[in-house]
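# Sequence first, then the predicted structure, then my questions.
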Amino acid sequence: MINVNVNGVSFAYNGCSVLEKISFHVNRGELLAILGPNGAGKTTLLKCMNSIHRPDGGTVLVEERNVFAMSQNEIARLFGYVPQRLETARLTVFDSILLGRKPYIRWRVREKDIRMVDAVIRRLSLEHLSLRHIDRLSGGELQKVSIGRALVQEPEILLLDEPTSNLDLKNQLEIMNTVKDVVKSHQVSAVMTMHDLNTAMRYADKFLFLKNGEIISCGGCESINPEVIEEVYGVDVEIEYRNGHPVIHPLDDTGQ
């Protein structure tokens with residue numbers, strides 16, 4: 001069942017085209033990875049999806065509801081957004097994650113809100129940091145807080161901009177396993193940008209390759225081949241499959 005439908009989205013900064021008629025869809029329970037070189041328009045596309053940026057053309061529909069006709073509060077209930085960097089402030093980890101419940105809080109914080117924050121803190125193994133101020137965290141710890149804030153929103157769609165940046169290998173695996181579990185168990189849709197192709201291949205269900213603001217390829221594992229990688233990144237690669245996942249190996253000038 002299609003949950004998110006992006007139709008012909010275009011966007012320009014000061015008259016310079018960044019995205020050109022981008023169209024794709026994401027089903028419930030699917031994780032889509034947006035891949036491409038720096039400057040391809042990956043982050044801009046995420047921000048257009050939840051109306052942080054207002055596109056110059058096109059629509060984003062969530063089960064036939066037009067995102068661009070919604071209030072900010074409605075959008076905040078639908079989309080959980082994880083930016084590349086969370087702005088630091090003199091807030092504790094607990095309070096920072098609790099801010100994710102803002103679209104649901106009217107007059108006071110409810111017991112349900114507290115329970116949800118506690119559950120997410122445990123899920124992300126942040127218990128020992130719950131009372132620490134976020135301006136004292138490492139980059140990786142701060143990224144976990146940002147993801148926690150998105151999860152407590154109970155979103156229908158997760159948008160993640162480089163979710164594993166600043167994380168060591170163990171935490172990368174923990175975060176991606178958590179995201180994958182949320183997507184499958186709660187049947188939400190997720191769209192993430194990534195630079196690490198092999199991590200994307202391991203966890204995503206669909207892949208959208210961008211270059212110069214245009215889609216080069218979009219589909220499942222069957223859409224990934226050395227020709228697409230070379231066109232997008234300008235690098236010769238070979239692809240082998242391990243445990244059903246494609247693994248990409250760059251080749252040097254000798255073809256090895």
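Yes, it's here. Keep in mind it's a predicted model, so treat the numbers as computed, not measured.

# Show me the strands in this protein, by range?
Along the chain, the stretches classed as strands by DSSP state E are 2-13, 16-27, 31-35, 57-62, 65-66, 79-82, 157-161, 189-194, 206-211, 214-219, 237-242, 245-250.

# Tell me which other helices or strands the second one touches.
Other elements packing on strand 16-27 under the criterion 3 or more CB pairs under 8 Å, 6 or more residues apart in numbering; DSSP states H and E are strand 2-13, helix 42-49, strand 57-62, strand 189-194, strand 206-211, strand 214-219. Where you see a C-beta, it was placed from the backbone N, CA and C, and this is true even at glycine.

# how much does that strand deviate in direction from helix 42-49?
If you take axes from the mean of the first three to the mean of the last three CA atoms, to 10 degrees, strand 16-27 sits at 70 degrees to helix 42-49.

# got TSV for the strands of the chain, with distance to Glu111 too?
Formatted as TSV, the strands of the chain follow (distance: least, CB to CB, whole Å):
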stretch	distance to Glu111
strand 2-13	30
strand 16-27	33
strand 31-35	32
strand 57-62	29
strand 65-66	30
strand 79-82	22
strand 157-161	25
strand 189-194	28
strand 206-211	38
strand 214-219	43
strand 237-242	46
strand 245-250	42
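
# what's the closest of those strands to Val145?
strand 79-82 (10.0 Å; CB to CB).

# pLDDT below threshold where in the chain?
1-2, 86, 88, 253-256 (pLDDT under 70).

# Tell me how far Ile134 lies from Phe94.
10 Å (CB to CB, to the nearest Å).

# who has more neighbours, those two?
Between Ile134 and Phe94, counted using other CB atoms under 10 Å, the more crowded position is Ile134 (22 against 19).

# how about the strands of the chain, which one is nearest Arg106?
That would be strand 79-82 among these, by CB to CB, at 19.9 Å.

# ok, back up a step: format the strands of the chain as TSV; extra columns: distance to Ile229 and mean neighbour count.
Listed next are those as TSV, based on distance: least, CB to CB, whole Å; neighbours: other CB atoms under 10 Å:
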stretch	distance to Ile229	mean neighbour count
strand 2-13	23	17
strand 16-27	19	17
strand 31-35	9	25
strand 57-62	27	17
strand 65-66	35	10
strand 79-82	26	24
strand 157-161	22	24
strand 189-194	14	25
strand 206-211	8	22
strand 214-219	9	17
strand 237-242	5	13
strand 245-250	7	14
